[in-house]
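K.L.:
just the structure for this:
(chains A, B and C)
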Amino acid sequence: MIVEVIVDVSAYPIDRPFDYIVPEELKDLVERGSRVHVPFGNRKVQGFITNIKEQTDIDTSKLKEVQSIIDVEPVVTEELLQLSKWMTNKTLCYEIDALQVMLPAALRASYKKNIKLIDSNAVDESFLALFGKKDTITYEVIEKAGYLRQMKKYLTQGSVQLETVIKQHVKAKTITKYNVIATKEYIQNQISNLAKNAVKQRELMEWLLIQEQDSFTMEELKETVNANNNVVKALIEKNILALEKAEVYREITTLEHHDTDHRFQLTEEQSVALEKINHAQNHAENTTFLLHGITGSGKTEIYLNAIENSILKGKQAIMLVPEISLTPQMTRRFKLRFGDEVAVMHSGLSIGEKYDEWRKIWRGEVKVVVGARSAIFAPFKDLGVIILDEEHESTYKQEDNPRYHARDVAIWRSEFHKCPVILGSATPSLESYARASKGVYSLLTLKARAKEQALPTVNVVDMRVELKNGNRSMFSVELADAIREKLDRKEQIVLFLNKRGFSSFVLCRDCGTVVECKNCDISLTYHRSGEQLKCHYCGHEEPVPSICPECASEHIRFFGTGTQKVEEEIAKLFPFARVIRMDVDTTRTKGSHERILKQFGDGEADILLGTQMIAKGLDFPNITLVGVLNADTTLHLADFRAAEKTFQLMTQVSGRAGRHDKEGKVYIQTYTPEHYAIELSKLQMYEPFYHKEMLVRKQYEYPPFYYLTLVQITHENVMLASEYAKLATDWLRANLSEQSMVVGPTACAISKIQNRYRYQCLIKYKKEPILIEKLQQLIKIYRTEWMKKGIILSIDLDPSTIL
DNA sequence: AGCACGCCGACT
DNA sequence: GTCGGCGTGCTC
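P.N.:
Predicted coordinates for the structure are as follows:
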C-alpha cells in the first residue's frame, strides 16, 4: 500500500505529492486527509495523505516508509481536500499552504532541531559539558553557548547527530477527576476501620456517602470538605477514589447573566427576504443572495432565522463577520439564541481556545460557527447556509498566501453542499451589487429600519470655510456646538478619526522635508508616548528630531492629527467631558476592546474617540451624535477603491447614531464636500453612489467591469526591481491574449517597504481562459531564473487593493 | 525550505 | 595542508 503525501515544506519543487510505503501495522489506519510523519531528505516532516494507492511510477528503491500516523480520523474532510485543490489553482499558492490554512494553528507542526551525542570520546570536554547527563540537547543550547562551529565539525565527523523533532503546539486540555469507585457499603466499612485520629479522612468519606454524583474535581473536594492532597491520596489507596484524566474545553466566556434573547417580530420586508432564503434552503438550491439592508434594518435577525431553519433540518451553518472580537454583542446574540450549539472563532482567542472550538465543529458537537475569515473552512459535513455579514469588508480577503477571498470559498462550498449563501451589507461591494443587478446573485432589499427609527440627519461641514473664518481647530463651530449640546443632555458622542493613509508626520517648515522611514517609502508617524517616530510598515523607531535632518532648521514640528492630539483638544474645549480613546495603542492587550466598549456602554464616558475600529458594531441607545473629523483622507489614496471605501466608511459610521428611540445627528467634516462619495453618503443612498461609481470604474477600466490581477516585483536594488518588473510585464504582454490589457510596469504607490523597492504590473481582463496557465509559467521562470537574483514576485488575483 | 556535497581561496 | 566561504542539486 502506497500513500501520496503533501509534505509540510513550502517550496516550489516540493509542491507536489510524494509517495510513501505504508508499513503493515499502519495499513488499517491510513485515510485521506489524515496527517502523517514522514522522513524527507535527511529530516522528518509532517504531511497530509491526499491519496491511497497500490501502484506507483516511482522507482521503488527510492520509496521510504510512513513513520507514523498523527490522526486516527482525518482532520481534512474529503470536501476540504477538493477545496484545497481548487484554492491552489485559484490563488496560485502551494497546496500545503491551502491545506494548512484550513486547520487551526494548533494542528500545524513546528520543528525543533536537537543534537544527539554519538561518540562522547570524540568531543572535547567543554562541549561535552553542555550535554550534562542527557544524550540529546536542543540546537539553541549550543547556539547560545557559541559552539556552532564546533558542532559542525563534530557533525561531519559523525560524533554528534542532528535530528529534527516535530513539536505539537497544543494538546487537549485535561483536568484530573476523582471518581468514586467503591460501593456505599464498602465506604461504610472503611469508615468503621479508620484510625481515631484520621479525622479528615472520616469527614471526606462521610461527605462522599451523601453525594449524588460520583465524580469530583480537586477544587470541589478542597472547597467542600477542606480535604488536602494527602487525604485524597489515602482514599485512592483504599480504593475508594480513582484518578481520571478527562479532556475539557477551554472556556470562552461571552455571556453575562442579565443577557436575554430578544426575538423580534419580522417586518414585511424581512419576511419576504427570509422566505426566499428558506425556499432555497428547503429545495437545496445553492443560490447566492445579496442582502442589501440599510444600517439598523435587522439583517442579523434574518441571519438568525436562516440558521435556525438549517438547524431544524439537521444541518449546520457558518456565520462570518469581519473581525468578531470587535463585536462581542454579535457573538452574544448567537450564543443566546443557539446556546451550546455555537462555536466561536476569532483572532482574540488563544491557539488552544481556537483548537477547542475547532474540535467542537469537527466532532459535530456544534451546529453553528460564528467567526472571522478562516472560519469559512469549518469542517462541517452538511451545511445548510453560509452567511457573510458586511460582505464588502476587505478583511475577507487574506493578504498573504494563500490569497483567498472568503466570499469565493463560501460560494464554492455552497455548490458542494447545495445550500444558499447570504452576503449581507448596507453598502455592498460594487462587484457584488453588479452581480446582483445582472441576476448572478439574488438581490434581497431591506429599505426600512426595523424599529422604524428615523435615519440620522447628516450634515457635511466644509472645513475650507472654517479655515477661511479663522478656525484652525479640528472641530468646526457646528460640530463643537453639537457636542456641547449633547454633553448638556447627558447623551453620548462618538468621534471618528479617519486615519488610514494619513497620520501625524514631522515636517520642516523651512525646507518642506518630511521625516521618512529609512527602510520604507513612507513618512514616519509621530507617537506622543516616548516622543518617538514609528514606521507602521517595518516597525522602525527613532526619536523626534529637534532640528531638520536636511537643513538643520529648528522650525520642525509635527503635522496631522492623531487620536492623542484630538484627545488633548477635547480636554481644552470640553474640560468636563469624560473621553475614552480607542485605537491601536489602547487596544493592544487581549480583551481591551470589549472592556472599552463595555465602559462606554455603561455610560462611564461621554465621548468615544476612535479610528476605523469603532465604525462597526457599536450599538448603544444613548449615542445620538457622531462626528467624523476628517472624512476625505481615505479619498486621496492611489487605489481604485478609494471612493468606495470612503462611502462605506461614512455610511457605517453614520449608522452608529440614533439606532434606538432617540434621534441621531451626524457631522462629517471634509475639505472636499463636493466629492460624490461624501455628498452621497450624506443622503445615505447606496444606489446613486453605486451608479456614479460604476461610471468611474467603467471609464478607468476597473472592477467590476474588468477583472484585475496584480503582479508585484521587489528587490533591494532599484535597478534590478524595475528591470525584472519590465521583464515580467513584457512576458505577460507577449503571452496573454489580445483581450487582456497589461498595464505597467510602474513603481508601487508605496515604492519601498523594508528596504525593498517595489514595482508592479496590472493585468485587466474580462475573459482570459489562459490566465492561470500563463501565470504558472511566469512563476516557473521566476522560480528557476529570477529567484536566485533576490527578486521576489507575488501574484494577487482579484486584489482588494493595489497600493 | 533546508540540508549535504563539493570546489576554491585564505589562514595556522 | 585544513578551515570555511557559498554555488548546486535533491528531497518519495
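K.L.:
return the distance of the one residue in the stretch 151-300 of chain A that gets nearest to DNA strand C relative to A:Leu162.
P.N.:
Distances from the stretch 151-300 of chain A to DNA strand C, computed as Cβ to the nearest atom of the strand, single out A:Lys153 as the nearest residue at 5.8 Å. (C-beta placed from N, C-alpha, C; glycine too.) Per Cβ to Cβ, to the nearest Å, A:Lys153 is found 13 Å from A:Leu162.
K.L.:
cool, and A:Asn42?
P.N.:
Here A:Asn42 is placed at a distance of 8 Å from A:Leu162 (Cβ to Cβ).
K.L.:
those two: which is more packed in?
P.N.:
Residue environment comparison for A:Asn42 versus A:Leu162 gives the larger neighbour count to A:Leu162, 14 against 8, counting by other Cβ atoms under 10 Å.
K.L.:
hmm, A:Ile115 and that one touching each other?
P.N.:
Yes - using Cβ atoms under 8 Å, A:Leu162 is in contact with A:Ile115, at 6.3 Å.
K.L.:
between these two, what contacts are shared?
P.N.:
Common neighbours of A:Leu162 and A:Ile115 are listed as A:Tyr139 (criterion: Cβ atoms under 8 Å, 6 or more residues apart in numbering).
K.L.:
the residue of the stretch 151-300 of chain A closest to DNA strand C sits in which helix or strand?
P.N.:
helix A:148-157 (DSSP states H and E).
K.L.:
tell me which residues of the helix or strand following that helix are tucked away?
P.N.:
Towards the C-terminus, the helix or strand next in line after helix A:148-157, according to DSSP H and E, is strand A:160-168. By neighbour count on 16 or more other Cβ atoms under 10 Å, the buried set for strand A:160-168 is A:160, A:164, A:166.
K.L.:
quick one, phi psi at A:Pro420?
P.N.:
With angles defined as degrees, to the nearest 10, A:Pro420 sits at phi -80, psi 160.
K.L.:
residues contacting the closest residue in space to it that isn't next to it in sequence?
P.N.:
Nearest residue to A:Pro420, sequence neighbours excluded (Cβ to Cβ, 6 or more residues apart in numbering): A:Ala280, at 4.0 Å. Contacts of A:Ala280 were listed using Cβ under 8 Å, 6+ apart, and they are A:286-287, A:289, A:419-420.
K.L.:
do the same with A:Ser215
P.N.:
Shown in contact with A:Ser215 (Cβ under 8 Å, 6+ apart): A:177-180, A:244.
K.L.:
tell me which strands the longest strand belonging to chain A pairs with, and in which orientation.
P.N.:
For chain A, the strand reaching the highest residue count under DSSP state E is reported as strand A:741-753. Partner strands and pairing direction for strand A:741-753 (DSSP bridges) are strand A:756-765 (antiparallel).
K.L.:
so A:Ile376 sits in a strand?
P.N.:
No - the assignment for A:Ile376 is helix, going by DSSP: H, G, I helix; E, B strand; the rest coil, so no strand is present there.
K.L.:
so what's the residue count around it?
P.N.:
Burial measure for A:Ile376: 26 neighbouring residues, criterion other Cβ under 10 Å.
K.L.:
still on that earlier bit, the helix holding A:Lys153 to strand A:160-168, inter-axis angle?
P.N.:
On the basis of axes from the mean of the first three to the mean of the last three Cα atoms, to 10 degrees, helix A:148-157 is oriented at 110 degrees to strand A:160-168.
K.L.:
what about helix A:148-157, near DNA strand B?
P.N.:
Yes - Helix A:148-157 lies within reach of DNA strand B by Cβ under 7 Å from any atom of the strand, at A:155-156.
K.L.:
list the buried residues in that helix.
P.N.:
Taking 16+ other Cβ under 10 Å as the criterion, helix A:148-157 shows A:150-151, A:154 as buried.
K.L.:
make JSON lines out of the buried residues of strand A:160-168 and add pLDDT and distance to DNA strand B.
P.N.:
Formatted as JSON lines, the buried residues of strand A:160-168 follow (pLDDT from 0 to 100; distance: Cβ to the nearest atom of the strand, whole Å):
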{"residue": "A:Val160", "pLDDT": "81", "distance to DNA strand B": "11"}
{"residue": "A:Thr164", "pLDDT": "76", "distance to DNA strand B": "6"}
{"residue": "A:Ile166", "pLDDT": "72", "distance to DNA strand B": "12"}
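K.L.:
please tell me how far the closest residue to DNA strand B within chain A sits from A:Ser592.
P.N.:
In chain A, no residue comes nearer to DNA strand B than A:Ala11, which is 3.5 Å away by Cβ to the nearest atom of the strand. A:Ala11 sits 39 Å away from A:Ser592, taking Cβ to Cβ as the criterion.
K.L.:
circling back: of the contacts of A:Ser215 - the most surrounded one?
P.N.:
Greatest neighbour count in those, by other Cβ under 10 Å, goes to A:Tyr178: 22 neighbours.
K.L.:
tell me, how many residues neighbour A:Asn469?
P.N.:
Applying other Cβ under 10 Å, we find 10 other residues in the vicinity of A:Asn469.
K.L.:
what does A:Gly132 give?
P.N.:
Neighbour number of A:Gly132 under other Cβ under 10 Å is 9.
K.L.:
got the confidence number for it?
P.N.:
In this prediction, A:Gly132 carries a pLDDT score of 80.
K.L.:
do the same with A:Lys499
P.N.:
The predicted local distance difference test score for A:Lys499 is 69.
K.L.:
repeat that for A:Leu732.
P.N.:
With respect to pLDDT, A:Leu732 has a value of 95.
K.L.:
confirm that A:Val461 sits in a helix.
P.N.:
No - assessed with three-state DSSP, A:Val461 is strand; it does not lie in a helix.
K.L.:
how near is it to A:Val477?
P.N.:
Taking Cβ to Cβ, one finds A:Val461 at 9 Å from A:Val477.
K.L.:
ok, A:Lys112 next?
P.N.:
Using Cβ to Cβ, we find A:Lys112 at a distance of 64 Å from A:Val477.
K.L.:
the longest strand of chain A: how far from the chain's middle?
P.N.:
A distance of 27 Å separates the centroid of the chain from that of strand A:741-753, by Cα atoms, centre = their mean, to the nearest Å.
K.L.:
repeat for stretch A:53-71
P.N.:
Using Cα atoms, centre = their mean, the distance from the centre of stretch A:53-71 to the centre of the chain it belongs to is 36 Å.
K.L.:
that one vs DNA strand C: in contact?
P.N.:
Yes - taking Cβ under 7 Å from any atom of the strand as the criterion, stretch A:53-71 and DNA strand C are in contact, through A:56, A:58, A:62-64.
K.L.:
by neighbour count, which of these wins?
P.N.:
A:Thr56 (15 neighbours).
K.L.:
surely that one and A:Ile21 touch.
P.N.:
No - the pair A:Thr56 and A:Ile21 fails to qualify as a contact (Cβ under 8 Å) at a distance of 9.0 Å.
K.L.:
tell me, what's touching the two both at once?
P.N.:
Each of A:2, A:63 lies in contact with both A:Thr56 and A:Ile21 under the rule Cβ under 8 Å, 6+ apart.
K.L.:
which residues sit in contact with A:Thr176?
P.N.:
Here A:Thr176 is in contact with A:217-218, A:243-246 (criterion: Cβ under 8 Å, 6+ apart).
K.L.:
much appreciated, bye for now.
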